[in-house]
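Asks: Sequence and predicted structure are below.
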Amino acid sequence: MKIKINLDNTSSDFAKEVEKRSGIKVKECYQCGKCTAGCPVAYEMDYMPNQIIRLVQIGARREALTSRTIWLCASCITCSTRCPKEVKIAELMDVLREMALEENLANPLEKNITAFHESFLNSVKKHGRISEVWMLNEYKMKRPKTALQDLAVAPHMIAKGKLSFLPHDIKGKDAIARIFKKCKPK
Ligand code: SF4
Ligand code: SF4
């Protein structure tokens with residue numbers, strides 16, 4: 001796929017910032033495409049995983065942070081394990097997602113995914129783990145149109161003890177909250 005990039009919007013600081021936040025050396029990528037060839041959701045993405053790396057390399061901040069790809073990535077880590085240069089692409093996607101949220105650039109077409117992402121992380125921050133009912137409650141409040149989605153499976157999950165109505169906090173959840181605090185950009 002050909003990509004059109006407005007070079008007026010590029011900045012070399014972007015690659016440095018992403019490298020600093022992720023600890024990943026994006027310069028190492030030589031565009032072999034092995035990551036993209038193994039990605040199970042590449043067919044839905046607007047930029048292929050290797051193209052996202054290229055966008056970061058050339059400092060195309062807006063294109064990378066507004067892409068749908070960073071939200072469609074399923075964090076399966078296939079790309080990271082296939083990369084001959086050990087570029088941890090899945091982890092890089094995580095950093096780009098956080099930057100997109102901080103800069104209010106998350107792609108509007110992926111509002112359901114961004115709302116789910118935030119609800120998931122809020123549950124971990126609060127309870128130290130996922131509390132399904134509380135997480136889904138927050139998600140469905142943010143995205144009311146999804147309120148009836150998946151309702152049919154709820155009785156089966158409750159019957160099998162897979163859904164608990166009370167949150168179960170882990171021991172040491174304060175340590176998890178401290179990790180979140182430390183990860184916040186200064
Ligand atoms: S597999 Fe690694 S080196 Fe190859 S394109 Fe992907 S990130 Fe770059
Ligand atoms: S981690 Fe994301 S980008 Fe990498 S292979 Fe899986 S879905 Fe694709």
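Replies: Cool, got the structure. Being a predicted model, the structure only gives us computed values, none of them experimental. Ligands and ions are numbered 1, 2, ... in the order given.
Asks: all contacts plus neighbour counts: C-alpha atoms, from now on.
Replies: Noted.
Asks: how far away is L121 from ligand 1?
Replies: Distance of L121 to ligand 1, given as C-alpha to the nearest ligand atom, to the nearest Å: 26 Å.
Asks: Helices along this protein, start to end?
Replies: 12-22, 34-38, 49-57, 61-65, 69-72, 78-82, 89-102, 111-127, 132-142, 154-159, 173-183 (DSSP state H).
Asks: could I get those as TSV with mean neighbour count?
Replies: Listed next are those as TSV, based on neighbours: other C-alpha atoms under 10 Å:
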stretch	mean neighbour count
helix 12-22	17
helix 34-38	19
helix 49-57	23
helix 61-65	22
helix 69-72	24
helix 78-82	20
helix 89-102	20
helix 111-127	18
helix 132-142	17
helix 154-159	12
helix 173-183	13
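Asks: Make CSV from those and add distance to F165 to it.
Replies: Shown next, in CSV, are these (distance: least, C-alpha to C-alpha, whole Å):
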stretch, distance to F165
helix 12-22, 36
helix 34-38, 38
helix 49-57, 38
helix 61-65, 36
helix 69-72, 28
helix 78-82, 34
helix 89-102, 29
helix 111-127, 13
helix 132-142, 6
helix 154-159, 9
helix 173-183, 19
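Asks: could those be laid out in JSON lines, adding mean pLDDT and distance to E28?
Replies: As requested, these are exported to JSON lines (pLDDT from 0 to 100; distance: least, C-alpha to C-alpha, whole Å):
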{"stretch": "helix 12-22", "mean pLDDT": "90", "distance to E28": "11"}
{"stretch": "helix 34-38", "mean pLDDT": "97", "distance to E28": "13"}
{"stretch": "helix 49-57", "mean pLDDT": "95", "distance to E28": "10"}
{"stretch": "helix 61-65", "mean pLDDT": "94", "distance to E28": "18"}
{"stretch": "helix 69-72", "mean pLDDT": "97", "distance to E28": "20"}
{"stretch": "helix 78-82", "mean pLDDT": "95", "distance to E28": "13"}
{"stretch": "helix 89-102", "mean pLDDT": "95", "distance to E28": "12"}
{"stretch": "helix 111-127", "mean pLDDT": "92", "distance to E28": "29"}
{"stretch": "helix 132-142", "mean pLDDT": "89", "distance to E28": "38"}
{"stretch": "helix 154-159", "mean pLDDT": "85", "distance to E28": "45"}
{"stretch": "helix 173-183", "mean pLDDT": "87", "distance to E28": "25"}
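Asks: Good, wrapping up.
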